[in-house]
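Chemist: sequence and predicted structure are below.
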Amino acid sequence: MSTIGAYFRLVRVAWVLVREGVVSALPTRDLPPSVGLVKSLVEPLARFRSKQQARSIRLTRAVDRLGPSYVKIGQFLATRPDVVGVDWALDLALLQDRMAFFPTETAEAAIEASLGRPVGDLYSDFGEPIAAASIAQVHPAMVGDRKVAVKVVRPGVRQRFAHDIESMYLLARMQERLMPSSRRLRPVEVTRTLEQTTKVEMDLRLEAAALSEIAENTKNDPGFRVPTVDWERTGRDVVTMEWIDGIKMSNVEELRAAGHDLDRLAETLIQSFLRHTLRDGFFHADMHPGNLFVDRTGMIVAVDMGIVGRLGKKERRFLAEILYGFITRDYMRVAEVHFEAGYVPAHHDVSSFAQAIRAIGEPIHGQPAETISMARLLALLFEVTDLFEMQTRPELILLQKTMVVVEGVSRILNPRFNMWKASEPVVGEWIRDNLGPKRVMSDLRDGVKAAVKLAEALPEIAVRTEKFHEDIVRMSEHGLRFDPETADAIGKAEARYSRSGRVALWVIALSALYLAFSLG
């Protein structure tokens, strides 16, 4: 039944996209002729047929009709230009995460259920909501004479998202089955990442933990900080944090009127992001202008840590080598790093890949640094990686998307901002510390730690090896046998697939009735 429900929800999504003109804006290049035929057939059903209407406006209308879950889905897909394309990712990034307020009484009930204490005991004053998004809304409150911001999860959002993500899984599996070329992008894995990141975002204790970790990492960094968390008043459905009085970084005129140095702010923002990425391997992955404030002292304060990214030591090293290779025009080294990291399948030729990388890098060296668009650079990279069957790397895509956003904010402050010059002190220091003699010592230290852990695990490995040997011998003597649970699961799977054809026919018939009723 849940699968049938997912089919119906997909039909509704398709209908809304058709009606709001999103389908008519889809590109048909490199797609089968049948796609263009379907597009031409549904175009007359759109409510607005103006060719001049911006695609982002059509998307916004459609997402508003579909509800909060699809705002979050759209924003997530904006972080995956490898999946939806750079142009569509930029349009999706414009989706406004602004929803209707839910009643203050409902928020107070959620706080009391989460923290187990009356709101009157927790706050000396609790105000009406001032901002509402797809996941939560924010209330001003007082704790004694201290002003705080209280973020409360939207009621029913978990259940609604669980239903909508089921439809996304269905669509991803259909895509893999019907479009083999898309398997390189791993749509099911992308959907799984969306599900996991949104579940994390809906547990506000984890956002509080991210704030705490970044605060600890950046306590000695110049010009950047995050709000402090009130852990006594934080739970799964509520987080209480320091109230930030400041100017949004998108408000250039107000920043200038307040006497802030816009060039210095742009430089501090880029350098802070790179420190978090290279030094800490943990970064704020939603650094759009609405989440960045400048306080009266000129300090950048980043809020809303619902989306964060992590990079392991190996990924940071590869990233630095790739960046350094572009700077020094060592395209062969850039190509070798991609192969060493396993980003490009080994059956491809390294020299050919280096040639493709050169096609991206050489035009960069022929331009002034302040005119180089990171968005354009990423578009070229995605085209090249598509040619060489590069598998999707979610952690790198999130990093690249955030870098584009941070660059955009910096250029709001200073249209001629030279990102590469501002980045050099941080990147150069990291490269000297991690790609020189210090790297050897670090690798030796890590090797010793790994050897100690292996020695500690040897007895357990020996036991498991002996058991595995016994299982192999038993299998060779008596054949392969399934336990009852496995046999039962195989039977259910076969039954489910045999029913899929009948279910699809019913869904098509009922969908036709639904569309006829809607048109009527």
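Modeler: It's in.
Chemist: going forward, measure contacts between C-alpha atoms and count neighbours the same way
Modeler: Fine.
Chemist: element containing residue 138?
Modeler: strand 136-143 (DSSP states H and E).
Chemist: quick one: contacts of the helix or strand that that strand is followed by?
Modeler: Moving toward the C-terminus from strand 136-143, the first helix or strand encountered (DSSP H and E) is strand 146-153. The contact list for strand 146-153, computed with C-alpha atoms under 8 Å, 6 or more residues apart in numbering, reads 107, 110-111, 135-142, 202, 204, 237-243.
Chemist: sheet partners, orientation included, of the strand holding residue 138?
Modeler: Strand pairing for strand 136-143, determined by DSSP bridges: strand 125-126 (antiparallel), strand 131-132 (antiparallel), strand 146-153 (antiparallel).
Chemist: can I get these in CSV with mean neighbour count?
Modeler: CSV is the format used below for these (neighbours: other C-alpha atoms under 10 Å):
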stretch, mean neighbour count
strand 125-126, 17
strand 131-132, 18
strand 146-153, 22
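Chemist: one step back: and the contacts of strand 146-153, which are buried?
Modeler: Of the members of those, the ones counted as buried by neighbours, 16 or more other C-alpha atoms under 10 Å, are 107, 110-111, 135-142, 202, 204, 237-241, 243.
Chemist: centre of the chain to the strand holding residue 138, how far?
Modeler: Here the centre of strand 136-143 is set off from its chain's centre by 26 Å, with C-alpha atoms, centre = their mean, to the nearest Å.
Chemist: list the contacts of it.
Modeler: Taking C-alpha under 8 Å, 6+ apart as the criterion, the residues outside strand 136-143 that touch it are 101, 122-132, 147-154, 243.
Chemist: can I get that strand in PDB? Just the C-alpha atoms.
Modeler: Listed next in PDB are the C-alpha coordinates belonging to strand 136-143 (Å, rounded to 0.1, in the frame of the first residue of the first chain):
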ATOM      1  CA  ALA A 136      11.400  24.900  12.100                       C
ATOM      2  CA  GLN A 137      10.500  28.500  13.200                       C
ATOM      3  CA  VAL A 138      12.300  30.900  15.500                       C
ATOM      4  CA  HIS A 139      11.000  32.800  18.500                       C
ATOM      5  CA  PRO A 140      12.600  35.600  20.500                       C
ATOM      6  CA  ALA A 141      12.700  34.900  24.300                       C
ATOM      7  CA  MET A 142      14.300  36.100  27.500                       C
ATOM      8  CA  VAL A 143      16.300  34.100  30.100                       C
END
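Chemist: distance check, residue 452 against residue 109.
Modeler: Per C-alpha to C-alpha, to the nearest Å, residue 452 is found 51 Å from residue 109.
Chemist: again, but for residue 390
Modeler: For residue 390, the distance to residue 109 (C-alpha to C-alpha) stands at 49 Å.
Chemist: look at the two and report which has more neighbours.
Modeler: Using other C-alpha atoms under 10 Å as the criterion, residue 390 and residue 109 rank with residue 390 on top: 18 against 13.
Chemist: my read is that the more buried one contacts residue 344, right?
Modeler: Yes: counting by C-alpha atoms under 8 Å, residue 390 sits close enough to residue 344 to count as a contact (4.7 Å).
Chemist: okay, and the common contacts of these two?
Modeler: Shared contacts of residue 390 and residue 344, counting by C-alpha under 8 Å, 6+ apart, come down to nothing at all.
Chemist: ok, back up a step: any chance of the strands paired with strand 136-143 in JSON lines, with mean pLDDT and distance to residue 174 too?
Modeler: Rendered in JSON lines, the data for those read as follows (pLDDT from 0 to 100; distance: least, C-alpha to C-alpha, whole Å):
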{"stretch": "strand 125-126", "mean pLDDT": "95", "distance to residue 174": "48"}
{"stretch": "strand 131-132", "mean pLDDT": "85", "distance to residue 174": "34"}
{"stretch": "strand 146-153", "mean pLDDT": "95", "distance to residue 174": "32"}
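Chemist: can I get these in a markdown table including distance to residue 118?
Modeler: Written out in a markdown table, the entries for the strands paired with strand 136-143 read as follows (distance: least, C-alpha to C-alpha, whole Å):
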| stretch | distance to residue 118 |
| --- | --- |
| strand 125-126 | 12 |
| strand 131-132 | 23 |
| strand 146-153 | 15 |
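Chemist: the ones you listed: which one's closest to residue 222?
Modeler: The stretch from the strands paired with strand 136-143 with the least distance to residue 222 (C-alpha to C-alpha) is strand 146-153; that distance is 24.2 Å.
Chemist: CA atoms only: put the closest one into PDB for me.
Modeler: Once non-C-alpha atoms are left out, strand 146-153 reads as follows in PDB (Å, rounded to 0.1, in the frame of the first residue of the first chain):
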ATOM      1  CA  ARG A 146      19.600  37.700  28.500                       C
ATOM      2  CA  LYS A 147      17.900  37.700  25.100                       C
ATOM      3  CA  VAL A 148      17.900  34.300  23.200                       C
ATOM      4  CA  ALA A 149      16.700  32.800  20.000                       C
ATOM      5  CA  VAL A 150      14.500  29.700  20.300                       C
ATOM      6  CA  LYS A 151      14.200  27.400  17.300                       C
ATOM      7  CA  VAL A 152      11.300  24.900  17.400                       C
ATOM      8  CA  VAL A 153      10.700  22.000  14.900                       C
END
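Chemist: who does the helix or strand that that strand is followed by touch, helix- and strand-wise?
Modeler: Past strand 146-153, further along toward the C-terminus, the next helix or strand under DSSP H and E is helix 157-178. Helices and strands in packing contact with helix 157-178 are listed as helix 2-19, helix 68-77, helix 187-201; criterion 3 or more C-alpha pairs under 8 Å, 6 or more residues apart in numbering; DSSP states H and E.
Chemist: quick one: buried residues of helix 157-178?
Modeler: By 16+ other C-alpha under 10 Å, the buried positions in helix 157-178 come out as 158, 161, 164-173, 175-176.
Chemist: ok, stretch 402-417 next?
Modeler: By neighbour count, with 16+ other C-alpha under 10 Å as the criterion, the buried positions of stretch 402-417 are 402-414, 417.
Chemist: in the stretch 401-520 of the chain, what spans have low per-residue confidence?
Modeler: For the stretch 401-520 of the chain, applying pLDDT under 70 flags the ranges 435-447, 450, 454, 475-520.
Chemist: in the protein, what helix or strand scores lowest on average pLDDT?
Modeler: helix 484-519 (a mean of 54; mean pLDDT, DSSP states H and E).
Chemist: still on that earlier bit, ok, of the buried residues of helix 157-178, which one's closest to residue 332?
Modeler: Within these, proximity to residue 332 (C-alpha to C-alpha) peaks at residue 176, which comes in at 33.4 Å.
Chemist: OK, contacts around the closest one?
Modeler: Taking C-alpha under 8 Å, 6+ apart as the definition, contacts of residue 176 comprise 182-183, 186-188.
Chemist: just residue 118 next, same as before
Modeler: Residues counted as contacts of residue 118 (C-alpha under 8 Å, 6+ apart) are residue 112.
Chemist: next secondary structure element downstream of the host helix or strand of residue 110?
Modeler: Using DSSP H and E, the secondary-structure element containing residue 110 is helix 104-115. Past helix 104-115, heading to the C-terminal end, the next element that is a helix or strand (DSSP H and E) is helix 119-122.
Chemist: and that next one, what's buried?
Modeler: 119, 122.
Chemist: helices or strands up against it?
Modeler: In terms of contacts (3+ C-alpha pairs under 8 Å, 6+ apart), helix 119-122 is packed against helix 104-115.
Chemist: neighbouring contacts of the helix it packs on?
Modeler: The list of residues contacting helix 104-115 from outside it, by C-alpha under 8 Å, 6+ apart, reads 118-119, 128-129, 152-155, 233-238.
Chemist: ok and it relative to strand 136-143, angle-wise?
Modeler: 80 degrees (axes from the mean of the first three to the mean of the last three C-alpha atoms, to 10 degrees).
Chemist: surely residue 210 and residue 304 touch.
Modeler: No: counting by C-alpha under 8 Å, residue 304 is not a contact partner of residue 210; they are 9.7 Å apart.
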